[in-house]
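**Student:** here is a sequence together with a model predicted from it:
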Amino acid sequence: MNDLIDRALDTADRLGAQYADIRIVERRSEGLTVKNGALEAATSNVSAGFGIRVLVNGAWGFSSSAHLEPGEADRIAAEAVEIARASVTAQKEPVELDDTAPVTATFRTPYADDPFAVSLDDKLKILMEADAAMGRVPGIAIREGNVVAGREIKTFASSTGARIDQEIVEAGGGIEATAVNDSEVQQRSYPNSFGGQVVTGGFEAVRALDLVEHAQETAELAVALLDAPQCPSGEMDLIIDSTQVALQIHESCGHPTELDRVFGTEASFAGTSFLTTDKLGSLRYGSELVNIDADATAPGGLGTFGFDDEGVPAQNVPLIENGILVGYLTSRETAPRIGRQSMGSSRAWTWSQIPLIRMTNINLRPGNAGSLEDLIADTRDGIYMSVNKSWSIDDRRLNFQFGDQAGWIIKNGKRTQLVKNPTYTGITPRFWGSCDAICGLDEWTLWGLPNCGKGEPMQIGHVGHGAAPARFRNVQVGVGRW
Amino acid sequence: MVAGDRVDEILDLALAASTADATEALYTAEDSALTRFANNQIHQNVREHDAALQVRVIDQQRIGVAGTNRLDDAGIREVVERATAIAQRSEPNPRAAVMPEPDGRGHDPDLGFVAATADASADRRAEGARAVIAAGEDKGLQTSGSFSTGVGTVAVANSHGVRARHRATRAKLLTVMMDGYGAGAASGYAHAGATDLAEIDAEAIGRDAATKGDTMRGAGPLDPGEYEVILEEHAVAGLLEYLAYIGFSGLAHEEGRSFMDLGQRLMSEKVSIWDDGADPTGIPSTIDFEGLARQRVDLIDDGIAHAVVHDAATGSRAGTGSTGHALPAPSLYGPMPFNVFMAPGDTARTDLITGVKRGVWVTRFHYVNVVHPKKAILTGMTKDGTFLIEDGQITRPLMNFRFTQSIPEAFSDVRALGASTMLLPGEFLGTYRVPAAHLGSFNFTGVTSGEGGE
């Protein structure tokens, strides 16, 4: 490996690169899916390769290959330089990196129970028992359960002397019940949609979900939703559970604080951001209760790591402080443009892709509203929504609409009628400005979100969001014709 | 890129290494490059070379799937061993343990392959980017976009005798041009895809987007509500992509999740939609990931839900057999159409607007997502060119709307379809050749705000 690294960096230097880095990555993944009592999918995948990024006359070039051989490193480094020289022909401002010091380090996410060492039988037992419990509920059409495991081993080295070895281990799982009739498809997922819960850690995290224990109630709710009345339309007080708060953070705070979006470099695909740098330190993003941090050091977070893919150490930095915009997710290229150093959020999904600014763990600090039941009891009239099933937001991250799997009407501080197809819509700073209660630490969960998409070519991102249930006043719910 | 002979060797080695009842070897390769620009300059420029082998074994109805991108002999043996080990520890699943037999249908292994596209250089893409940027600068617009070229290869062999290979190239150039980034600021868009790089006219794409962006200056609000709409081809393709995702799959239909009620009228009789991977006017993919030739499937025929697509497993259960639309195993999402066409109408594209008394012109949609799959209710935003139409004329640019709308319901009132079609790569999945459309009603449920949320 050292030979490959040396050849890549030496070749880039010899051909005129002012800066170069290389990532050598091996990613292993395993997945099991049980569907309607049968093992529907059992997969194991390995992908390994390297990517070389070079800066030539202030312009980027990148190439990658799966052939982990020194000769290939020469070829790919030369190709990256050639590509960078093409970039120079359409350059206005040369790229300048911050002065992050090169680091030599190793890092591993901790785990107790290696998810790759747990037998297929043990994993299957959990999924089959959960499936059977869901199957005992009349009216369920589709029962699914899954467990996943991931291990990424990567080495980063740069022409400035950085050398970092990391191992990130992930595990997760969840169940989902679907009920169907002539006009409806109703699903309920536990503990979350998007495949459940995924963390950095071992199989102990999957066991802690207790999928079997929650299977029956999950299925019963899916069936009950079929005959529930449609969510009413109108403006009302809204309580959303921690899974939905997590996605609300993701779409309306995580993405718009990505500084590359702010600077327009995602304009042609994912969009830009209303959180322009002239608003830093002054924009009232939310109510004074709203404090949001980007914490790449949070134990167990799916956005947890030791160093980002530019060699910057993981950090915990505030984005929103007492409702005011105070920070961004940054890279070595973007941070100097606001007079800062990178806070370490530049990551790539695979060896064949370049690092982009990605969320780490974007966490809403818990509040003092007690438990979810306390919050409902404190709400005279309103609606409570739980577990996301639909999401959309505009290219500036202002106008959003979410749909959840289940809603309950709140009357006189009590959760009453179940309603189906609940949706709500709003404008980001108005919505967060209407936040008047956030539940406490006991209700706070660091959710993993394994399906964040960004960039061209599209990259997947694994990120985390810590959240507790929260209340928002006078929100438009029940959107559209039903 | 792995030479063709070596691809055959890889498939043969994988099949030979397996002792299972049935074995499938799927080779996929991607050699692609993308030049990305924003703020009137190139800011990303990348190239990727990768190839992978996925092996599916079925032994006593127990299934194992494993993949690797280590394609030397040892790597091939290892992935077969891994798939076999998984199968040996699995439970039998007769419902999914289906591997296709050869069906005698032929396919063109090189349909859609253009050597000049495969060999496109970074300089060629930079040249295109510069032409687009220049068009934007002429109108004082900040230009972003991407210009990508690549070649994809799929080769499949299984122990029942299926053996097929296909490779195709694609070139894609899109641009968004803006005057500032504020809500209501000018924004224009253009996009083209082709198998042959020579068909991508960067100057024309730049001109189209710049003209539209220039016209969008001063966009103002309009109350949300139901309006007649002209949907440009980009907008039609964006909706079709989601219909394909949620409803045209044999698995979604089998499980009752699809809006496709076969034999029933879903849309206007003006609407016919089909999938055809062998049509050279699309971006062809002539085989699926189980190695079968893709058949033409008429999905919506004169407004009637006619058929859905199948892989070997769903086709076996439906009694239709595979239509050649399998995704790679284990295919939890079921089969998918990748090459979708919508029949044009007989109205010249420039005449579509003339019948609109008061309506909205939509260039494209952004961040579309599913609200209700069975009713095919989608939501999303308009983007990059939304205009008020009054008495058959565009009268002013509009700030972007949110829509929440059942798409079959919207396409039940088709006033006219454009006589020409445009080929557009999907945002996530497949390619779409579609006309522009004039619909009688479309439900806009919100409008975006000013930058401070006001």
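**Tutor:** Done, it's in.
**Student:** CA atoms for contacts and neighbours, from now on please.
**Tutor:** OK.
**Student:** quick check: can you list the domain ranges of the chain?
**Tutor:** Chain wasn't specified; assuming chain A. Following automatic domain parsing, chain A resolves into domains at A:2-226, A:234-477.
**Student:** chain B, not that one
**Tutor:** Domain ranges of chain B: B:4-214, B:219-447, per automatic domain parsing.
**Student:** quick one on the thing from earlier: reformat the domains of chain A as TSV; add mean neighbour count and mean pLDDT.
**Tutor:** Converted to TSV, these look like this (neighbours: other Cα atoms under 10 Å in any protein chain shown; pLDDT from 0 to 100):
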stretch	mean neighbour count	mean pLDDT
domain A:2-226	21	97
domain A:234-477	23	98
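**Student:** show me the one of these that comes nearest B:Pro335.
**Tutor:** Across the domains of chain A, B:Pro335 has its closest neighbour in domain A:2-226 (14.9 Å, Cα to Cα).
**Student:** number of nearby residues for B:Pro267?
**Tutor:** To be clear, residue B:267 is Met; Pro isn't right here. B:Met267: 22 surrounding residues under other Cα atoms under 10 Å in any protein chain shown.
**Student:** residues contacting B:Ala185?
**Tutor:** Counting by Cα atoms under 8 Å, 6 or more residues apart in numbering or on different chains, B:Ala185 makes contact with B:Met178, B:Asp179, B:Met216, B:Arg217, B:Gly218, B:Ala219.
**Student:** secondary structure class for A:Asn363?
**Tutor:** Three-state assignment for A:Asn363 (DSSP: H, G, I helix; E, B strand; the rest coil): strand.
**Student:** circling back: got the domains of chain B as a markdown table, with mean pLDDT and distance to A:Met236 columns?
**Tutor:** Listed next are the domains of chain B as a markdown table, based on pLDDT from 0 to 100; distance: least, Cα to Cα, whole Å:
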| stretch | mean pLDDT | distance to A:Met236 |
| --- | --- | --- |
| domain B:4-214 | 96 | 27 |
| domain B:219-447 | 97 | 17 |
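**Student:** just put the ones you listed in CSV and tack on distance to A:Met458.
**Tutor:** Listed next are the domains of chain B as CSV, based on distance: least, Cα to Cα, whole Å:
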stretch, distance to A:Met458
domain B:4-214, 11
domain B:219-447, 9
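**Student:** can you show me the helices along the stretch 301-450 of chain A?
**Tutor:** With DSSP state H, counting those that start in this stretch applied, the stretch 301-450 of chain A shows helices at A:372-377, A:428-433, listed in chain order.
**Student:** tabulate the ones you listed in CSV, adding columns for distance to B:Ala329.
**Tutor:** Listed next are the helices of the stretch 301-450 of chain A as CSV, based on distance: least, Cα to Cα, whole Å:
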stretch, distance to B:Ala329
helix A:372-377, 42
helix A:428-433, 40
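**Student:** quick one on the thing from earlier: let me have the domains of chain A in TSV, extended by distance to chain B.
**Tutor:** TSV is the format used below for these (distance: least, Cα to the nearest Cα, whole Å):
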stretch	distance to chain B
domain A:2-226	4
domain A:234-477	5
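**Student:** export these to a markdown table and tack on distance to B:Leu292?
**Tutor:** Formatted as a markdown table, these follow (distance: least, Cα to Cα, whole Å):
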| stretch | distance to B:Leu292 |
| --- | --- |
| domain A:2-226 | 21 |
| domain A:234-477 | 28 |
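**Student:** closest to A:Gly58 out of the helices of the stretch 301-450 of chain A?
**Tutor:** So among the helices of the stretch 301-450 of chain A, helix A:428-433 is nearest, using Cα to Cα, at 36.1 Å.
**Student:** figure out how far that closest one is from the centre of its chain.
**Tutor:** Distance, stretch centre to chain centre, for helix A:428-433: 21 Å (Cα atoms, centre = their mean, to the nearest Å).
**Student:** could you list every helix and strand in contact with that helix?
**Tutor:** strand A:470-477 (3 or more Cα pairs under 8 Å, 6 or more residues apart in numbering or on different chains; DSSP states H and E).
**Student:** and the contacts of the strand it packs on?
**Tutor:** Contacts of strand A:470-477 (Cα under 8 Å, 6+ apart): A:231-242, A:245, A:375, A:422-426, A:431-432, A:434-439.
**Student:** 7 Å instead, please
**Tutor:** A:233-241, A:423-426, A:431, A:434-439 (Cα atoms under 7 Å, 6 or more residues apart in numbering or on different chains).
**Student:** again with stretch A:422-429
**Tutor:** Against stretch A:422-429 from outside (Cα under 7 Å, 6+ apart): A:231, A:252, A:285-286, A:385, A:398-404, A:406-407, A:475-479, B:453.
**Student:** show me those residues that map onto strands.
**Tutor:** Of the positions in the contacts of stretch A:422-429, A:Met385, A:Asn399, A:Phe400, A:Gln401, A:Phe402, A:Gly403, A:Asp404, A:Ala406, A:Gly407, A:Val475, A:Gln476, A:Val477 sit in strands, assigned by DSSP state E.
**Student:** so what's the gap between stretch A:60-80 and the chain middle?
**Tutor:** Averaging C-alpha positions (Cα atoms, centre = their mean) puts stretch A:60-80 30 Å from its chain's average.
**Student:** do stretch A:304-324 as well
**Tutor:** Mean-position distance between stretch A:304-324 and its chain equals 14 Å (Cα atoms, centre = their mean).
**Student:** what about the strands in the stretch 351-454 of chain B?
**Tutor:** According to DSSP state E, counting those that start in this stretch, the stretch 351-454 of chain B carries its strands in the segments B:358-372, B:377-390, B:393-397, B:401-406, B:414-417, B:422-425, B:431-434, B:437-447.
**Student:** which elements pack onto the second one?
**Tutor:** Meaning strand B:377-390. Contacts defined by 3 or more Cα pairs under 7 Å, 6 or more residues apart in numbering or on different chains; DSSP states H and E place strand B:377-390 against strand B:187-194, strand B:358-372, strand B:393-397, strand B:401-406.
**Student:** any chance of JSON lines for those, columns mean neighbour count?
**Tutor:** Shown next, in JSON lines, are the helices and strands packed on strand B:377-390 (neighbours: other Cα atoms under 10 Å in any protein chain shown):
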{"stretch": "strand B:187-194", "mean neighbour count": "25"}
{"stretch": "strand B:358-372", "mean neighbour count": "24"}
{"stretch": "strand B:393-397", "mean neighbour count": "18"}
{"stretch": "strand B:401-406", "mean neighbour count": "26"}
